[in-house]
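*Asks:* this one's structure only:
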């Protein structure tokens, strides 16, 4: 197996642009890796071998011509299967979209293509991004490269797993309540949910429109920043896109200096309910941050305990409406149309057959929460709680520059362990959800292995809106110390996959 | 606050156009009841005089100029359709009048 | 199928009608409300569509600025308040002509609210003004179009399947809703019609829509209920959809009054339901019953940000409003010295703006009216085109009138000159010259022509001399013919009488 697959994205981009290695060689090395290990990992739903090699070849032509290249030209990437790709299947992990080929590209995809990033294929996910384990994919679960018996997080488990199994140095995820950060935490990779409005949502199949945000996944902070800089920026096709310069995340990742910064520990995100090894690694990080010259204080966000409840009203409500379009009329599969049934029956059968049980559960819940007579008590009340959460953050950021917490309460659990207990599953996102509710940027950074199970633990860093650069500055500072301590990347401690 | 019945689930499923078999209604009712009990926690906070937040970005008046852009061709538009006739989307007979 | 009805006068003697009107107007923007697709009517099916208006997964709406501006201008023209802050909402229900299975609309935060429109109708006591209270005007999007295949009637019932064209989906709509209109008594049908007509004139004057009821760019739903006395509680209302001509608005109100009255008198209740109006038979039939199954689960549209029109913007738009059509009409009636009937002819001919333009350019109002409602309307009608499409300018008419009053053209020659204008032969003077159009002012040729005419019909001279002056017409006609219309008919007549020694 080629050693190209273990290289960082920034390093690969340098090798390609200098002509030392061709982009086609880089793409082929990763395609070979996928062929070797994805049977076990199942990170990809669709591998676009021909498309990847063609776009890599196009980069090589530019290299030869001496054209100016983007910072990630020729670097391979896995794309969560929730982003519309012109000419490539887009399923959202759902049977209802099996076989659908969009006639257009998401804005993020357009930006990636323009930057010469090589899209290897579409990565697995919980159906319509509803889940924290990728077990809710209609096409079978993805496996955690650290332990194939375990979940890779979710909903973007395919993206986190492809990065941590060296199938791709980069991936795109989407994060509605933690779907980039929690998978990053349990796979020992880095993931960032940018400020809401920082990355265009156009062409990303909506789960909860007011919470969804696409973001970068990688194996280190600088690579994450490079990808962030490629996909971010104002898009007139997304009315909620922020028309302001993208924070200079690359410079921040290179600065890595937190001396004199104020860092807040969110009292409500930690302690009871968090696995012992998660807590101990988190406490070590706090000490590390202090040792780097930052001041650490505890802050309280009293409305956070209600965040999970509010989230599980807002998300299903918006999702119930967003997913109404999946009816077998204009695209996707149609079920039960035998020429005798009415369109109403066919829609109902199409949706019943096309959606998995978690999706149906949430659609029914959202339909209930929006119903006349319940709206004020549920959806309306949840939106007020959302305001309180935002106010808690505002108060906290009046005192500190960034906030930190564990990303997830536990390390990767076993496949099947929580599948029949939706409420237990929902708790995985307890620490990440408040960030989406307020539209803020957040990062998950690997901070070591939990002693009791030798599985990765993530640190969550949260910054104010449009201060995404702070995540990278803080993350890079901690990462530098940890790499020195570990003597190399955390993924070097992961077991070799059989195919390798 | 909750106490969701099988009939409630059937009604909601009808609103959401999902054909849930009768023998699964009880299962969903039980799960939804448990979830609704959990999410009732939103009522634990005092939200008097709190304004509901519908959008996480504090922006208003985002408009597009009234200038035509690029449309799909009929072929592209119909490319993903399960059934097509006469350059139109073919759908089973419609019962409800709008 | 047809339900029992009661004589209208009897119904009105027993009950007090309460009206409500919901008008949907399609805006004439270049692009749809939430995407850049064209709104032009009549394109091949599914060619004015994109991921947004087809509701493809991942697509997002963006808001048409002119759509919002039009909504505000309509609100202002209807004397409404304009919201300082409002949002779109999703109205959730499944229907095959609605790509997203929700309609992006406005719910409890309309952009315009609390207005009114005064309408005038003829009553037994003369012209009377009724104030129609407006509850709201809000923005939303149109649906696609279903056509039904198979079955007997091409209607939805009995069809084998349907075909959907989404070209219309997403075209901006403004929904204008009145409050309950009370106090009309027996004039409810006339008030309803006058309201829709006045609204149509306002919308046309604003230039926000082509307001063609027959093409569906203005659609009306009629709500009606009856109560025993003006003091009674409101009765149960029916909502009659698809009332798509002014005449039908009046007829539908009248029909529903007679239908409700028959039911109530028979001791039946009126069902709260949607009804469908049938233009051909002049009756409505029962549609869908409003039930509690209809739960639209409105919530604020997260993909579109709130609209907060600045007061400066609103005032700017207010300043740009055209004169209210009713006020303008009253002013023109006075300025031009017309009767109401003359004015109706002008308005119905669609020539009002063209006449105003000509008058502004210095043409006599009567002359401008004569040309536009007469000869030019005939020509446009013959060619099946709109008056506006004729290449006749105010300058043309002005020069024409100058030549007529100078006596160098008569009416017939003037019409020939206009034909030249329409045929693109240049300006009036050039056409007059090229076509040799000029009144013959020299008496010599006229006298010769008169002699010829009298010789051809020897009896006529005696008839005229005997006092039957009307017989002169045939001689004048013959002279006009002989001079190819270039004679001044009055002068011919003068010369004829002189010659025969007859005085008028």
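*Replies:* Arrived safely, thanks for sending. On a predicted model such as this, the values are computed, not experimentally measured, just so you know.

*Asks:* From residue A:211, how far out is whichever residue of chain B sits closest to chain A?
*Replies:* Relative to chain A, the nearest point of chain B is residue B:56 (2.8 Å; CB to the nearest CB). Yep, even glycine has a C-beta here, placed from its N, CA and C like the rest. Distance of residue B:56 to residue A:211, computed by CB to CB, to the nearest Å: 8 Å.

*Asks:* shared neighbours of those two, anything?
*Replies:* A:196, A:437 (CB atoms under 8 Å, 6 or more residues apart in numbering or on different chains).

*Asks:* more neighbours, the two?
*Replies:* More crowded of residue B:56 and residue A:211, by other CB atoms under 10 Å in any protein chain shown: residue A:211, with 26 against 21.

*Asks:* all helices of chain B, in order?
*Replies:* If DSSP state H is used as the criterion, the helices of chain B fall at B:6-15, B:22-39, B:74-78.

*Asks:* now the longest one and helix B:6-15, what's the angle there?
*Replies:* Spelled out, that is helix B:22-39. If you take axes from the mean of the first three to the mean of the last three CA atoms, to 10 degrees, helix B:22-39 sits at 100 degrees to helix B:6-15.

*Asks:* mind checking how far helix B:22-39 is from the chain centre?
*Replies:* In terms of CA atoms, centre = their mean, to the nearest Å, the centre of helix B:22-39 is found 18 Å from the chain centre.

*Asks:* Give me the contact list for that helix.
*Replies:* Identification of contacts with helix B:22-39 by CB under 8 Å, 6+ apart yields A:309-310, A:312-313, A:360-361, A:364-365, A:368, A:378, A:382, A:422-423, A:426, B:1-6, B:8-10, B:13, B:20.

*Asks:* follow-up on the earlier one: and the closest residue to the residue of chain B closest to chain A other than its chain neighbours, what does it touch?
*Replies:* Distance criterion CB to CB, 6 or more residues apart in numbering or on different chains; nearest residue to residue B:56, sequence neighbours excluded, is residue A:439 at 2.8 Å. Contact analysis of residue A:439 by CB under 8 Å, 6+ apart lists A:195-197, A:390, A:465, B:56-57.

*Asks:* Okay, and which of those map to helices?
*Replies:* Per DSSP H, the subset of these in helices is residue A:390.

*Asks:* okay if I get the contacts of residue A:439 as JSON lines plus pLDDT?
*Replies:* What follows is the contacts of residue A:439, written out as JSON lines (pLDDT from 0 to 100):
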{"residue": "A:195", "pLDDT": "98"}
{"residue": "A:196", "pLDDT": "98"}
{"residue": "A:197", "pLDDT": "98"}
{"residue": "A:390", "pLDDT": "98"}
{"residue": "A:465", "pLDDT": "98"}
{"residue": "B:56", "pLDDT": "95"}
{"residue": "B:57", "pLDDT": "93"}
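
*Asks:* Let me know the closest of the contacts of residue A:439 to chain C.
*Replies:* Of the contacts of residue A:439, the one sitting nearest to chain C (CB to the nearest CB) turns out to be residue B:57, at 7.2 Å.

*Asks:* Residue C:225 belongs to a strand?
*Replies:* Yes. Counting by DSSP: H, G, I helix; E, B strand; the rest coil, residue C:225 is located in a strand.

*Asks:* Contact partners for it?
*Replies:* C:17-18, C:234-238, C:260, C:270.

*Asks:* can you redo those as TSV with secondary structure, distance to residue A:52 and pLDDT?
*Replies:* Below are the contacts of residue C:225 laid out as TSV (DSSP: H, G, I helix; E, B strand; the rest coil; distance: CB to CB, whole Å; pLDDT from 0 to 100):
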residue	secondary structure	distance to residue A:52	pLDDT
C:17	strand	71	98
C:18	strand	68	98
C:234	coil	67	91
C:235	coil	69	93
C:236	coil	65	94
C:237	coil	63	94
C:238	strand	62	94
C:260	helix	69	96
C:270	coil	67	92
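
*Asks:* Of these, select the buried ones using a ChimeraX command.
*Replies:* Selection of buried members from these for ChimeraX, criterion 16 or more other CB atoms under 10 Å in any protein chain shown:
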select /C:17,18,235,237,238,260,270
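
*Asks:* Highest mean neighbour count out of the helices of chain B?
*Replies:* Among the helices of chain B, helix B:74-78 has the highest mean neighbour count (mean count of other CB atoms under 10 Å in any protein chain shown), at a mean of 20.

*Asks:* Tell me the gap between that one and the middle of its chain.
*Replies:* Remark: helix B:74-78 is offset 25 Å from the chain centroid, using CA atoms, centre = their mean.

*Asks:* Just name the shakiest helix or strand of chain A by mean pLDDT.
*Replies:* helix A:422-426 (a mean of 89; mean pLDDT, DSSP states H and E).

*Asks:* mind listing what's buried in that one?
*Replies:* Going by neighbour count (16+ other CB under 10 Å), the buried part of helix A:422-426 is A:422, A:425-426.

*Asks:* possible to save those as JSON lines with distance to residue C:391?
*Replies:* Output for these, formatted as JSON lines (distance: CB to CB, whole Å):
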{"residue": "A:422", "distance to residue C:391": "72"}
{"residue": "A:425", "distance to residue C:391": "73"}
{"residue": "A:426", "distance to residue C:391": "71"}
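
*Asks:* Report the entries of these that also contact chain B.
*Replies:* Restricting the buried residues of helix A:422-426 to those within reach of chain B (CB under 8 Å from any CB of the partner chain) leaves A:422, A:426.

*Asks:* out of the buried residues of helix A:422-426, who's nearest residue B:90?
*Replies:* Minimum distance to residue B:90 across these is 37.8 Å, recorded for residue A:422 (CB to CB).

*Asks:* Can you tell me how far the closest one is from residue B:20?
*Replies:* Taking CB to CB, one finds residue A:422 at 16 Å from residue B:20.

*Asks:* Kindly report the same for residue A:280.
*Replies:* On the measure of CB to CB, residue A:280 and residue B:20 end up 45 Å apart.

*Asks:* So these two - more neighbours on which side?
*Replies:* Each of residue A:280 and residue B:20 has its neighbours counted (other CB under 10 Å); residue B:20 has more, 21 against 15.

*Asks:* Excluding sequence neighbours, find me the nearest residue to that one.
*Replies:* residue B:13 (4.5 Å).

*Asks:* cool, residue A:473 as well?
*Replies:* In space, residue A:473 is closest to residue A:252, 4.2 Å off (CB to CB, 6+ apart).

*Asks:* Residue A:463 is in contact with that neighbour, correct?
*Replies:* No. The pair residue A:252 / residue A:463 is not scored as a contact, 10.1 Å apart, by CB atoms under 8 Å.

*Asks:* Find residues that contact each of those two.
*Replies:* Joint contacts of residue A:252 and residue A:463 (CB under 8 Å, 6+ apart) are A:469-471.

*Asks:* what sits against residue A:436?
*Replies:* Counting by CB under 8 Å, 6+ apart, residue A:436 has contacts A:175-178, A:193, A:196, A:211, A:213, A:311.

*Asks:* Most neighbours out of those, which is it?
*Replies:* Going by other CB under 10 Å, residue A:193 tops these with 36 neighbours.

*Asks:* what bridges to that residue?
*Replies:* Under the criterion DSSP bridges, residue A:193 forms beta bridges with residue A:442.

*Asks:* Which pLDDT value goes with residue A:232?
*Replies:* Residue A:232 carries a pLDDT value of 98.

*Asks:* If you tally nearby residues, what's the number for it?
*Replies:* Neighbours of residue A:232 using other CB under 10 Å come to 26.

*Asks:* where's it relative to chain B, distance?
*Replies:* 14 Å (CB to the nearest CB, to the nearest Å).
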